[in-house]
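In: Got a sequence here, can you build the structure:
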Amino acid sequence: MSPAVPGSGRDRQSASHAVNLGTVRDNNLLGGYLRARRELVQPDSVGLPADGLRRVAGLRREEVAMLAGISADYYLRLEQGRDRNPSIQVLEALARVLRLDDAATDYLLSLATPRPRHRRRRPRRETVPASIRQLLDVVGIPAFVEDRYFDVLAANNLARALSPNLEPGQNRLTAVFLDPAERAMFPDWDQATANLVGSFRRAVGTDTDDPRFIQLVGELSLSSPRFRQLWARHDVRTCEGMPTRLQHPQVGELILNREKLSIDGAKGQLLVLYHAQPGTSSAEKLALLASLSIPTTAVTHASAPDVAAA
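Out: Predicted coordinates:
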């Protein structure tokens, strides 16, 4: 199983250094996002000729500016972080040129919203409401609670039978990217990791100076080329329910629907549920998995490392 927190102090320093050298060092989140998305747009997709003399990936800055109806100099200032307060009209025009969907457009707008200055509070331990822990015990399907960093805070017995990494104190990102056994459970690993990183970026938003964020992204950036590739794309995904295909070592292929529900009074915490379509082979296999799992303590919750507040 992959630990939720890197071990040595040197690991933590290296991880933090890796992130500080990246897009969060100068806090130019808006410019970094515009540049990353510009490089992903093919010229022919916006009606421009794709000649063989292009020396940059995607669109040139002046092409984005022309298509958005703004000056090339103004767009350059946006990317360089010299102007961080563009109008909504400008941002929506850029979103159209960069072919952003609703979730990505909302994220772009949030990057241009001034963040209030406040003194960072000391990290506190996340607490899952007692009523939610009781719900996990009786819900009858794999269920767990995660925070916005995808740290598992509480899980029921069937969730742990589905994956040993759905154990309080583990992190879903480090499990999927760094644990070979967990990776083997995802036949569609490339798509699964893309969805996971996009959802993570949306969950964290602009709070990129949080110590837990720096530690987690630093660890993954140092250890996983796939994570570095996806993080550089700046994709943003919603956490809406979607089918998930798993290859379980005991019961074989499972196709489960995944739902994420916000928990009232617990900022940033989500209740995650996996359920199968009734009458399907996946429903039968999930019932078999439940019968195979040994109910020790029905629900456990994180009590080891402190986790930064969401």
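
In: Tell me the predicted confidence for residue 268.
Out: Per-residue confidence at residue 268 stands at 84 (pLDDT).

In: ok, now the one 3 residues further on?
Out: Listed pLDDT for residue 271 reads 95.

In: what's the answer for residue 297, then?
Out: The model reports residue 297 with a pLDDT of 44.

In: for the one 3 residues further on, same thing?
Out: Looking at residue 300, its pLDDT stands at 58.

In: Then residue 132?
Out: According to the prediction, residue 132 has pLDDT 94.

In: Can you name every helix or strand that the strand or helix carrying it contacts?
Out: Residue 132 belongs to helix 130-138 when elements are defined using DSSP states H and E. If you count contacts as 3 or more Cβ pairs under 8 Å, 6 or more residues apart in numbering; DSSP states H and E, helix 130-138 packs onto strand 143-146, strand 152-156, strand 299-301. For glycine as for every other residue, the C-beta is placed from the backbone atoms N, C-alpha and C.

In: got the buried residues for that helix?
Out: 132, 133, 135, 136 (16 or more other Cβ atoms under 10 Å).

In: one step back: would you format the helices and strands packed on helix 130-138 as a markdown table with distance to residue 220 and mean neighbour count included?
Out: What follows is the helices and strands packed on helix 130-138, written out as a markdown table (distance: least, Cβ to Cβ, whole Å; neighbours: other Cβ atoms under 10 Å):
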| stretch | distance to residue 220 | mean neighbour count |
| --- | --- | --- |
| strand 143-146 | 16 | 27 |
| strand 152-156 | 16 | 26 |
| strand 299-301 | 24 | 21 |
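
In: And the helices in this structure, which stretches?
Out: 9-20, 29-38, 61-68, 72-80, 88-97, 102-111, 130-138, 157-162, 172-178, 180-184, 189-204, 211-223, 225-233, 281-292 (DSSP state H).

In: so where's the stretch 51-200 of the chain shaky on pLDDT?
Out: 51-52, 114-124 (pLDDT under 70).

In: and with 90 instead?
Out: Regions of the stretch 51-200 of the chain meeting the criterion pLDDT under 90 cover residues 51-58, 81-85, 110-127.

In: So what touches stretch 246-260?
Out: With Cβ atoms under 8 Å, 6 or more residues apart in numbering as the test, stretch 246-260 has contacts from 142, 162, 181, 184-187, 239-245, 270-277, 280, 282, 285-286, 288-289, 292.

In: Might one say that residue 176 is in contact with residue 182?
Out: Yes: with contact defined as Cβ atoms under 8 Å, residue 176 reaches residue 182; the gap is 5.6 Å.

In: Right, I'll call it a day here.
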